[in-house]
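Novice: this one's structure only:
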């Protein structure tokens, strides 16, 4: 599922981040603890380069604690990077990010050299809720739909600590298929860019493989191992009364139910990827993109042909006989 959902305000956000980075000491990237790899923006990694980074695994109270520890260890092993788990609604843990940022930029601080921190993340990851917790007031709007924050905001968390908030931003093309499904399941992608039934089927397939007891308990089902994923979705629809005339199941409605249960921890504390799984998905996506690019170049070369103005093939050209 290669999702492409990049509204106009995200283009503006990218430009604002590029401009702000010139004067930024530390970059905070908020991640969804239920999908820490998929919610990390590769475009942001390119833009920020070697800047010190603080990775915040937000919504850790919704995620599998054992897997959260794996992801924290993964990110903490990277250079110039710190990672902490966080539930943005808790005031005391939220203060840890200020300390972590100061440790990442020990030469900044005081009124002469205030610490300048940029906070970024995908839509609906909880940035605004965190900022409101830090400031003790509603400095930022919150909501359960992506794209609530539309403008950059500067917030003084201390006399020498300035936090610059930016709107949530995805990247133009999400080529890692599993990441696309996970982002859609979490609510980071606008509804017009996804198919609820398709996303729910992928979500159920993963949860059944790793957390089967969660599904059986929540939907009061037995022996789900004997069901196909489509049969499982249908069974959930019957349990929840999503039945149309003639006994047909309203599959889109069931998809919405399954995603709602996941987003609001009705299914229990679940994490949809491990560091090893995510790295494997990325490697597969890179290989697929490379094959696609090679095929595209081959088609272009075949279409172009030798041409009247084509230069003669060199004896050292490894592709000299390709069109023979």
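Specialist: Ah, there it is. Quick caveat: nothing in here was measured; it's all calculated off a predicted structure.

Novice: any idea how far residue 247 is from residue 261?
Specialist: When distance is defined by Cβ to Cβ, to the nearest Å, residue 261 is 23 Å away from residue 247. (Each C-beta comes from the backbone N, C-alpha and C, glycine too.)

Novice: centre of the chain versus stretch 289-305, how much separation?
Specialist: Offset of stretch 289-305 from its chain centre (Cα atoms, centre = their mean, to the nearest Å): 31 Å.

Novice: repeat that for stretch 69-81.
Specialist: Stretch 69-81 sits 17 Å away from the centroid of its parent chain (Cα atoms, centre = their mean).

Novice: report the buried residues of it.
Specialist: 71-72, 74-75, 81 (16 or more other Cβ atoms under 10 Å).

Novice: where does the prediction get shaky in the protein?
Specialist: Along the chain, the model assigns pLDDT under 70 to residues 1-10, 88-89, 91-93, 137-152, 193, 306-324.

Novice: domain-wise, how is it divided?
Specialist: 10-165, 177-263 (automatic domain parsing).

Novice: so what's the residue count around residue 131?
Specialist: Other residues within reach of residue 131, judged by other Cβ atoms under 10 Å, total 23.

Novice: tell me which of the domains of the chain lies nearest to residue 278.
Specialist: domain 10-165 (3.3 Å; Cβ to Cβ).

Novice: who touches the closest residue to residue 201 other than its chain neighbours in this structure?
Specialist: Of all residues not flanking residue 201 in the chain, residue 229 sits nearest, at 5.2 Å (Cβ to Cβ, 6 or more residues apart in numbering). By Cβ atoms under 8 Å, 6 or more residues apart in numbering, residue 229 lies in contact with 201, 204-205, 208.

Novice: got a winner among these for most neighbours?
Specialist: Going by other Cβ under 10 Å, residue 204 tops the contacts of residue 229 with 24 neighbours.

Novice: tell me which element the most centrally placed residue in the chain is part of?
Specialist: For the chain, the residue nearest the mean C-alpha position is residue 39 (1.7 Å; Cα atoms, centre = their mean). Using DSSP states H and E, residue 39 sits in no helix or strand.

Novice: wait, it touches residue 55, no?
Specialist: No. Here residue 39 lies out of contact with residue 55, judged by Cβ atoms under 8 Å, at a distance of 10.2 Å.

Novice: got any residues that touch both of those two?
Specialist: residue 31.

Novice: my read is that residue 222 contacts residue 213, right?
Specialist: No. Counting by Cβ under 8 Å, residue 222 stays clear of residue 213, with 11.3 Å between them.

Novice: residue 156: what secondary structure?
Specialist: strand (DSSP: H, G, I helix; E, B strand; the rest coil).

Novice: was I right to think it contacts residue 162?
Specialist: Yes. Applying Cβ under 8 Å as the test, residue 156 and residue 162 come out as touching, 5.8 Å apart.

Novice: who's in contact with stretch 248-261?
Specialist: 185, 187, 195-201, 203-204, 218, 233-234, 236-238, 240, 242-244, 266-267.

Novice: wait, what's in contact with the residue nearest to the centre of the chain?
Specialist: Applying Cβ under 8 Å, 6+ apart, the residues near residue 39 are 31-32, 121-122, 125, 182-183, 186, 188.
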